[in-house]
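need a structure here:
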Amino acid sequence: MKYSIKAVLALSIILLSSIASCSMHRDNKSEKHKMRLVWKDEFEYTGLPDPAKWGYDEGNGCPNLCGWGNAELQFYTARRAENARVEHGKLVIEARREPWQSNAYTSARLVTKGKGDWKYGRIEICAKLPTGRGTWPAIWMLPTEWAYGGWPASGEIDIMEHVGYEPDSIVATAHTQAYNHVKGTQSRSDIYNSTIETAFHVYAIEWRPERIDFFMDGTKYHSFANEQKTFAEWPYDRTFHLLLNIAVGGHWGGHKGVDETIWPQRMEVDYVRVYTIN
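Model (predicted):
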């Protein structure tokens with residue numbers, strides 16, 4: 001079979017981008033000298049995720065929040081290599097179609113709570129996302145102590161969310177008591193890229209007392225400002241921790257159904273780095 005030069009070049013670019021990890025991405029070079037690295041996992045080991053850095057949310061949310069409040073279909077396991085492991089220098093979070101207790105899917109939700117908690121800074125993650133209808137990977141943050149009350153009063157920061165039926169779209173969102181999706185007032189922006197599911201990209205926030213800026217590969221595409229009012233508008237003066245997971249289905253991820261033929265699906269993470277901002 002013969003291929004045109006253009007086709008060969010296009011294929012080469014895709015292959016290179018998919019194996020280059022994040023070595024080609026250097027976010028905000030001019031600003032990095034103002035930041036200090038305070039926490040990281042480069043995944044330069046093999047086996048289960050480092051227990052000194054990562055814990056797990058386990059279960060299906062029941063009995064208090066079945067489906068994790070979103071009608072999700074997965075059961076999150078803990079310390080199970082089939083769902084979360086480090087191999088070949090990458091953290092792999094894998095969602096699988098398999099019966100587990102009362103659920104038809106398993107996955108993992110890794111958390112840094114009590115092991116990595118921050119107020120302000122740059123949180124930067126290099127990742128390649130799963131593909132297919134019904135996948136819902138997320139890189140996000142929740143308050144370590146719910147000082148202002150339950151969700152959404154104490155806030156949520158969605159650094160990156162992606163649903164498989166929109167393969168070229170990444171979403172950044174901030175949720176507060178005043179601004180959240182239940183009211184339809186959430187602060188959200190989208191950015192588009194055709195290689196989200198085939199290449200590694202850098203997802204980051206820069207969180208300061210006056211605002212949170214959201215980035216993909218160094219491009220700022222969303223900002224949430226401190227209006228200097230009350231916690232209802234700005235609960236982001238407390239410590240938050242990081243979560244990495246793949247949900248299956250749910251109100252958003254399963255809005256167009258779940259393709260039962262695509263599993264297993266994985267999110268690969270090349271590194272996680274946290275910096276202070278001077």
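
A helix includes Gly67, no?
Yes - applying DSSP: H, G, I helix; E, B strand; the rest coil, one finds Gly67 inside a helix.

hmm, Gln74 and it touching each other?
No - the criterion here is CB atoms under 8 Å, and Gly67 misses it with Gln74 at 9.1 Å. C-beta here means a position set from N, CA and C on the backbone, and glycine is covered the same way.

mutual contacts of these two, please.
Common contacts of Gly67 and Gln74 (CB atoms under 8 Å, 6 or more residues apart in numbering): Asn60.

what about Tyr221, how many neighbours?
By the criterion of other CB atoms under 10 Å, Tyr221 has 15 neighbours.

contact partners for it?
Tyr221 makes contacts with 172, 189-191, 214-215, as judged by CB under 8 Å, 6+ apart.

Asp270: what secondary structure?
Quick answer, by three-state DSSP: Asp270 is strand.

and it, how far from Glu145?
30 Å (CB to CB, to the nearest Å).

again, but for Ile139
When Ile139 is compared with Glu145 (using CB to CB), they lie 21 Å apart.

more neighbours, these two?
Under the criterion of other CB under 10 Å, the comparison of Ile139 against Glu145 puts Ile139 first, with 26 against 11.

secondary structure element holding the more buried one?
Using DSSP states H and E, Ile139 falls within strand 135-143.

could you list the buried residues of that strand?
135-143 (16 or more other CB atoms under 10 Å).

next one: stretch 270-278
270-275.

which of those sit farthest apart?
Between any two of the buried residues of stretch 270-278, the greatest separation by CB to CB is 16.5 Å, found for Asp270 and Tyr275.

ok, back up a step: ok, then the element right after the strand holding Ile139?
strand 156-161.

each with direction, which strands does that following strand pair with?
In the sheet, strand 156-161 lines up against strand 135-143 (antiparallel), strand 169-175 (antiparallel) (DSSP bridges).
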